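Participant: With the sequence up front, the predicted model follows.
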Amino acid sequence: MPSGEYDPVTVEAKWQDRWVDEDTYAYAEDADAVDPDTAFSIDSPPPTVSGSLHWGHAYGFTLQDFVARFERMRGENVFFPFGFDDNGIASERLTEDELDVRHQDYDRREFQRMCREVCEGYEAEFTEKMQGLGISIDWEQTYQTISPAVQRTSQLSFIELYDEGREYRQRAPAIWCPECETAISQVETEDDEQDSHFHDIEFDVVNSEESFVISTTRPELLPACVAVFVHPDDDENEHLVGEEARIPIFGQEVPVIEDDRVDLETGSGIVMCCTFGDQTDIEWYQAHDLDLRIAIDESGTLTDVAGEYAGMSSEEAREAIVADLDEAGALLDRRAITHTVNVHERCGTSVEFLVKDQWYIELLDKTDEYLEAGRQMDWYPEKMFTRYKNWIEGLQWDWSISRQRSSGIPFPVWYCEECEHVVVAERESLPVDPLADDPPVDACPECGHDEFVPEDDVFDTWATSSLTPLINAGWDWDAENGETTLDREELYQFDLRPQGHDIISFWLFHTVVKCYEHTGEVPFDSVMINGMVLDENREKMSKSKGNVVSPDEVVSKYPVDAARYWAAGSAVGDDLPYSEKGLRAGEKLIRKLWNASKLVESLTHEAPAEFDHDELHALDRWLLAELDREIDRVTEKLENREFSKARDGLRSFFWSTFCDDYLEIAKQRVREDDDDSAKYTLRTAHRRFVKLFAPVLAHATEELWRDMYGEEAASVHRAAWPEPLGVDADVAAGETAMAVVGALRKYKSDNQLSMNASVDHVLVYGDVRGFEEDISGVMHVEELETSSEGPPIESVVTGVDLDYSLVGPEFGAQVPDIESAIEAEEYEVVDGELRAGDAELDSEMFTIEEERKYTGEGEMLEAGDAVVIVRHGD
RNA sequence: GGGCUCGUGGUCUAGUGGUUAUGACGCUUCCCUUACAAGGAAGAGAUCGGUGGUUCGACUCCGCCCGAGCCCA
């Protein structure tokens, strides 16, 4: 039995171990039992393995866990798997940092082995911490995105989409670090403030005497200049649009074009476009179908396009070109500035843009369908759909899935050395690594040539992590029947997709796209979006600000259940500030539940297992009826993923109604009268409370449940969610009785009496039938009388209360007149109608406000609709 | 710079057209009441970010401004 103080350190660790050991959260996979209607499947985005678990993980998974536990108790066969996303750049960089190596120095397979080793350590730690948070994951259902099985899935996805004509290969700019000589992704770049120089360079207009000035920090890109841009609002330079400009020294002639991406504030307001100096150049190149002039190669060396400067490094070329511009009279000014440049975060070198052949998944032709797919999902909260919608409507490019990296999941592709014909792997042979494996044909089907070049790019991480529903549902190629199949079809569509709002645009969107293309179905029934965890001052936690609070720190100071309570503290989708107060409130609730449970246990040793509900004492029926209503409320809130409302409503019902109101009365009845009705009710209600709290306070409720109710040593998390009992009660009389008790408490408090001080005489004007003994028992009333007659009080009219929801629509602009008439007391009530100003209001439109005065012996207390007269002391 | 979201007592939060704005934490006062003083009772504390507008009526709807978060540039 629960005794002493609750000891979360011991209790929580004990249950966490047993839940794993006993497979408490196992998905029941036997073929007969599995059916799509009872399987509740969750597909969480697998965390990127890039370090240790942080609050974002803890918070997001805790919210999912509320749903998982709730649905499990409702009888669902919950499939709650767990994956690690460890095929990406983040994991590579973790490996490089950890082992102090460079991926370029190893071949792909060897480097991947190193990644696996490093990631395994982190994954084990991560798993332990997830279990330490009490997340009800089925640890038999785990995957790694780098595993051969997932590589097979990912490559199969590529081949399927290729065969369906959804993928194409095209030359496009890639971000390149000239120092590391590797392509990098956008996420590996960072902004850096650097000192530089603005060079004002004079450009001549072709076939004209005119010239204009361009300010640039990168004169070495002049040979790569393919256009000049003017802002549409730039009246001064508007006349240049449509002309041709001649590049000084190099002499190429380029068009002058207008575009609103020009920054009027910078330099002269006229800007050159070079292929490629920055991201905007790429946009212009694509938007205006410009020429391609590559002036800088992989090593940062000028190419033949640069003429006499070819072979120089970009720094050397810059100095030489500036000197020559000066000599030619084209350099008008040179001044120092600081500006923001994109640098490779590892080495701080400014990035360049190179043009590479890259694979794309076509999106733009089907955005309407993808938008419709998003509409078919239930969004919690609904407002987050807007982000998905805006993202799709703003899409300008197809999805580039090529990454020029030395590890990752390889493209299952070879090219004919002669004609570049694409040869993809056989589906049966997946996964393949074209760098090590041979192509499936001996000769090119197109030209007959027998030498092939392997693709050495790897997939974008999202190309794989967008397949998690298919990975979880066992999507694979059935060679016998020549089709793809789902091994665990009952899981798909997934009932719940939980994730943060920061990854709606790429992760969720790409997952919808891929799964929709492969199955023709939207992968998720519902999407639950969580907000971000902020610090106590509502600011983002970041290492540089030093305001990061780790889950480890918190869990060492507070019970995990307190953290879970805190996590349920805001509307889903809203950001949640870290809050010690929130954690302490959780701790207090756990303690209250524990202490109340001790009391209930001590009172209900010989509680009857059954009791005719109609025979229960009025107060007991009232409590169970109120609890029925609370069960309906909590269930509805949890169904709608309104964890905060479920939590707060249940907490206050438990604390105020059960502990403060009911328990105080019931314990006296049990102690004084050994009342079976009270014992039965206490036990029945308490048992239900333990279940209702279980999704949030997973550990404390498990301890209580196994101790007090654990028939066959079963977990509360496998117990059935409570259904209302349908108990009949006089709810109004109960509420009045509680109001009378409340009024008497206030009376004692106001008169500085202790709560168990006795009161001589109480007269209640109001219906508290069946509750008289309860009131006098708990409030220590010597003599309690009730009266169904009106109280002997005078009523003084103090005003008129209008029901504006009726008066407003009816009288509109007349309302101020009515109000001022009432204010001036120029109104009368005739036959139930209120006449004020020129209006006549029906009786339902107003109520007369009255102040009740009592002049008899004793003191009058107001208790809701009832009036109480107390005589005491003398 | 663009899009979306959020802004409510000191702090966190509920409320999303109907007029004394919910609750928690903290604060003040009282009460050792054999589950819990880490408890109970009562109380103080908010012109609902600012500003215009729509409306008989706005915390709620609309415009603009300010602050914060996320994504995109």
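Facilitator: Now that the structure is in, tell me what you want to look at.
Participant: switch to C-alpha atoms for all contacts and neighbour counts from now on
Facilitator: OK.
Participant: check which helix or strand covers A:D326.
Facilitator: Element membership for A:D326, per DSSP states H and E: helix A:314-328.
Participant: Could you identify the helix or strand that succeeds that helix?
Facilitator: Following helix A:314-328 in sequence, per DSSP H and E, is strand A:331-344.
Participant: Would you mind naming what in the stretch 151-300 of chain A lies close to RNA strand B?
Facilitator: A:Q279, A:T280 (C-alpha under 7 Å from any atom of the strand).
Participant: Would you map the strands across the stretch 151-300 of chain A?
Facilitator: A:167-177, A:182-183, A:189-205, A:211-216, A:225-230, A:244-246, A:253-258, A:270-274 (DSSP state E, counting those that start in this stretch).
Participant: give the contact list for A:W655.
Facilitator: Shown in contact with A:W655 (C-alpha atoms under 8 Å, 6 or more residues apart in numbering): A:K592.
Participant: Got the confidence number for it?
Facilitator: Note on A:W655: pLDDT of 93.
Participant: gap between it and A:F693?
Facilitator: 12 Å (C-alpha to C-alpha, to the nearest Å).
Participant: One more: A:W176?
Facilitator: Counting by C-alpha to C-alpha - A:W176 and A:F693 are separated by 54 Å.
Participant: Stretch A:350-369: end-to-end distance?
Facilitator: The first-to-last residue distance of stretch A:350-369 comes to 40 Å (C-alpha to C-alpha).
Participant: Repeat that for stretch A:598-613.
Facilitator: Start-to-end, stretch A:598-613 (C-alpha to C-alpha) is 25 Å.
Participant: Name the residues of that stretch that are buried.
Facilitator: For stretch A:598-613, burial by neighbour count (16 or more other C-alpha atoms under 10 Å) applies to A:K598, A:L599, A:V600, A:E601, A:L603, A:T604, A:A607, A:H613.
Participant: And the pLDDT at the fourth one?
Facilitator: Reading off the per-residue confidence, A:E601 sits at a pLDDT of 94.
Participant: Near RNA strand B, which residues of the stretch 701-850 of chain A are found?
Facilitator: Listed as neighbours of RNA strand B in the stretch 701-850 of chain A under the rule C-alpha under 7 Å from any atom of the strand: A:742, A:745-746, A:748-750, A:752-756, A:803-809, A:812-816.
Participant: Ramachandran angles for A:T485?
Facilitator: phi -140, psi 160 (degrees, to the nearest 10).
Participant: count of residues packed around it?
Facilitator: Neighbours of A:T485 under the rule other C-alpha atoms under 10 Å: 16.
Participant: residues touching it, list them.
Facilitator: By C-alpha under 8 Å, 6+ apart, the neighbours of A:T485 are A:G474, A:W475, A:D476, A:W477, A:D478.
Participant: if you set the cut-off to 7 Å instead, what comes out?
Facilitator: A:W475, A:D476, A:W477, A:D478 (C-alpha atoms under 7 Å, 6 or more residues apart in numbering).
Participant: same thing with A:T798?
Facilitator: A:E849, A:E850, A:E851.
Participant: Present the strands of the stretch 151-300 of chain A as CSV; the columns should include mean pLDDT, mean neighbour count and distance to A:L486.
Facilitator: Shown next, in CSV, are those (pLDDT from 0 to 100; neighbours: other C-alpha atoms under 10 Å; distance: least, C-alpha to C-alpha, whole Å):
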stretch, mean pLDDT, mean neighbour count, distance to A:L486
strand A:167-177, 84, 19, 23
strand A:182-183, 71, 19, 36
strand A:189-205, 81, 18, 39
strand A:211-216, 88, 19, 56
strand A:225-230, 90, 26, 51
strand A:244-246, 91, 22, 59
strand A:253-258, 90, 20, 52
strand A:270-274, 88, 23, 49
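Participant: export those strands to JSON lines and tack on distance to A:R641?
Facilitator: Shown next, in JSON lines, are the strands of the stretch 151-300 of chain A (distance: least, C-alpha to C-alpha, whole Å):
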{"stretch": "strand A:167-177", "distance to A:R641": "38"}
{"stretch": "strand A:182-183", "distance to A:R641": "43"}
{"stretch": "strand A:189-205", "distance to A:R641": "37"}
{"stretch": "strand A:211-216", "distance to A:R641": "54"}
{"stretch": "strand A:225-230", "distance to A:R641": "51"}
{"stretch": "strand A:244-246", "distance to A:R641": "61"}
{"stretch": "strand A:253-258", "distance to A:R641": "50"}
{"stretch": "strand A:270-274", "distance to A:R641": "50"}
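Participant: For A:Q112, find the nearest of those strands.
Facilitator: strand A:182-183 (17.2 Å; C-alpha to C-alpha).
Participant: and the closest one, which strands flank it?
Facilitator: strand A:167-177 (antiparallel) (DSSP bridges).
Participant: could you give the angle of the partner strand to strand A:189-205?
Facilitator: On the basis of axes from the mean of the first three to the mean of the last three C-alpha atoms, to 10 degrees, strand A:167-177 is oriented at 90 degrees to strand A:189-205.
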